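Asks: The sequence and its predicted three-dimensional model are supplied below.
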Amino acid sequence: MTSALSSLIAAQPLLQGLAPSALELLAAQPVLELPAGTRVFDTGSDCGGFPIILSGGVRVFKHLANGRRIELYRVTPDEPCILSLGCLLGGGRYPASGIAGDATRLIVMPSGLFNECVANNAVFRNAMFRALGNRLVNTMELVEEVVTLRLDVRLASALLEHAALGHAADDGGSGTIGLTHQQLADELGTVREMISRLLDDFAQRGMLALGRGRIDILDAAGLHALAATR
């Protein structure tokens, strides 16, 4: 195990408490370097192991019957992919697709090692089930938002969330988000035309300035006020 990879693995909250022998086996796995946009898994595909993200992140989408897709959640280095968890525990296939949102580095824990750690390591097992419970709550909140909240409110919340996650540079309440209208539509489970229409409305109200592949936040307070109208 190289010292760099050893440090990365040891820094993962999910791996705290694993035996040194398990970490050695994990460190022997190749590090996968995935450019942004790489498909990590597809709907209906087998789960060959448990992905552990070292840097970057994966966006998980559910494809809908009407041809649209909605973002279910994002996997970051401090949390597990619960679909992978469910597939490994239940022996099923992926019910959604995962795409690298940014340049992403990950390793895949072999299914045999994963099952051994779940069975024999209480710390690891509890971390997995705690993450599963948290994601279930988040998914219920997502369903509630889709059903009850106006799209303009959800869009304002999404823009603010991206800004808070570092997609925008904070500068006295303004910033730039490097997202396309289609990416926002996919995230919110709607069509690009609806997002474009709402963004144009936000721009006319002085909250945003729109450019090619970018959105400049001019009035964060206005977006916060809109997002609060739940």
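Replies: Happy to help now that I have it. Residues are numbered from 1 along each chain as shown.
Asks: C-alpha from now on. contacts and neighbour counts both.
Replies: Will do.
Asks: where does this protein have low pLDDT?
Replies: Residues of the chain meeting the criterion pLDDT under 70: 1-11, 65-67, 144-149, 166-174, 230.
Asks: try it again with 50
Replies: By pLDDT under 50, the low-scoring segments of the chain are 167-173.
Asks: ok, which stretches of it are helices?
Replies: All helices of the chain, identified by DSSP state H, fall at 3-11, 20-27, 82-90, 111-120, 122-148, 151-162, 181-188, 192-204, 220-227.
Asks: Mind giving me the packing neighbours of the third one?
Replies: Helix 82-90 is packed against strand 49-55, helix 111-120, helix 122-148, with contacts defined by 3 or more Cα pairs under 8 Å, 6 or more residues apart in numbering; DSSP states H and E.
Asks: Okay, the residue positioned nearest the centre of the chain and T229: tell me how far apart.
Replies: Most central in the chain under Cα atoms, centre = their mean is R74, positioned 0.9 Å from the mean C-alpha point. Distance from R74 to T229, counting by Cα to Cα, to the nearest Å: 25 Å.
Asks: how near is G57 to T76?
Replies: G57 sits 5 Å away from T76, going by Cα to Cα.
Asks: Just want to know which of the two has more residues nearby.
Replies: Taking other Cα atoms under 10 Å, G57 and T76 do not tie; G57 has more neighbours (22 against 17).
Asks: for the more buried one, what are its contacts?
Replies: Neighbouring residues of G57 by Cα atoms under 8 Å, 6 or more residues apart in numbering: R74, V75, T76, P77, A100, G101, D102, A103, T104.
Asks: Count the neighbours of the fourth one for me.
Replies: Right, P77. P77, neighbours per other Cα under 10 Å, totals 21.
Asks: Equivalent analysis for the second one, please.
Replies: A total of 20 residues lie near V75 under the criterion other Cα under 10 Å.
Asks: Surely L184 touches M194?
Replies: No: with contact defined as Cα atoms under 8 Å, L184 does not reach M194; the gap is 10.2 Å.
Asks: quick one: which of these two has more around it?
Replies: L184 (20 against 15).
Asks: Give me the nearest residue to that one, chain neighbours excluded.
Replies: Leaving aside its chain neighbours, L184 sits nearest to I195 (7.2 Å; criterion: Cα to Cα, 6 or more residues apart in numbering).
Asks: I appreciate the help and will end here.
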